[in-house]
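[1] Sharing a model that was predicted from the sequence below.
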Amino acid sequence: MTDPAAKTLVPVLRISFPDEDRLGRGKMELLEHIRQTGSISAAGRAMDMSYRRAWLLVSEMNRMFSEQVVESQRGGQKGGGAALTPFGEELLECFRRMERTVRTSLAEDLAWLEGKRNSSRGG
């Protein structure tokens, strides 16, 4: 049986920077997994993403801003690790707040679109 929530219209926030950098839900999900696991590789695995891809996304976010988003430590006797910086925590909260604002602001228009949508389509 299909989850009814999966069939509702959802606005997706993506911030495009003038220099072609982008910030969106994928990078934010990666940050949440890093916060939960303390590891870039474990965060990548949680998203079915290679360590290399996860590391490149973290590196890109760290380059995008004047402050580091994620701090990592190289492996050693206890292994490496990663954590969001205070700025990374702020960035994640700010992005989630922007998503809530978009959903709230567009709720009426989304309801209108939903009402006009051809529900007989299979996807």
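    In hand now; what should we look at?

[2] From now on I want contacts and neighbour counts done on CA atoms only, so please keep to that.
    Noted.

[3] Which helix or strand contains residue 42?
    Per DSSP states H and E: residue 42 is located in helix 40-46.

[4] chain center to the helix or strand just after that helix, what's the gap?
    Beyond helix 40-46 in the direction of the C-terminus, DSSP H and E gives the next helix or strand as helix 51-64. Computed by C-alpha atoms, centre = their mean, to the nearest Å, the separation of helix 51-64 from the middle of its chain amounts to 13 Å.

[5] Residues contacting helix 51-64, please?
    Here helix 51-64 makes contact (C-alpha atoms under 8 Å, 6 or more residues apart in numbering) with 21, 27, 30, 40-41, 43-45, 68-70.

[6] For those, pick the one with the most neighbours.
    When the contacts of helix 51-64 are compared by neighbour count (other C-alpha atoms under 10 Å), residue 40 ends up highest, at 28 neighbours.

[7] which residues does the closest residue to it other than its chain neighbours contact?
    Residue nearest to residue 40 in three dimensions, not counting chain neighbours: residue 34, with 5.8 Å by C-alpha to C-alpha, 6 or more residues apart in numbering. By C-alpha under 8 Å, 6+ apart, the contact list for residue 34 reads 40, 42-43, 82-84.

[8] Between helix 51-64 and the helix or strand that contains residue 34, find me the angle.
    Using DSSP H and E, residue 34 sits within helix 25-37. Angle of helix 25-37 versus helix 51-64, following axes from the mean of the first three to the mean of the last three C-alpha atoms, to 10 degrees, is 100 degrees.

[9] Find the least confident helix or strand in this protein, judged by mean pLDDT.
    Counting by mean pLDDT, DSSP states H and E, the weakest-scoring helix or strand in the chain turns out to be strand 70-73, with a mean of 90.
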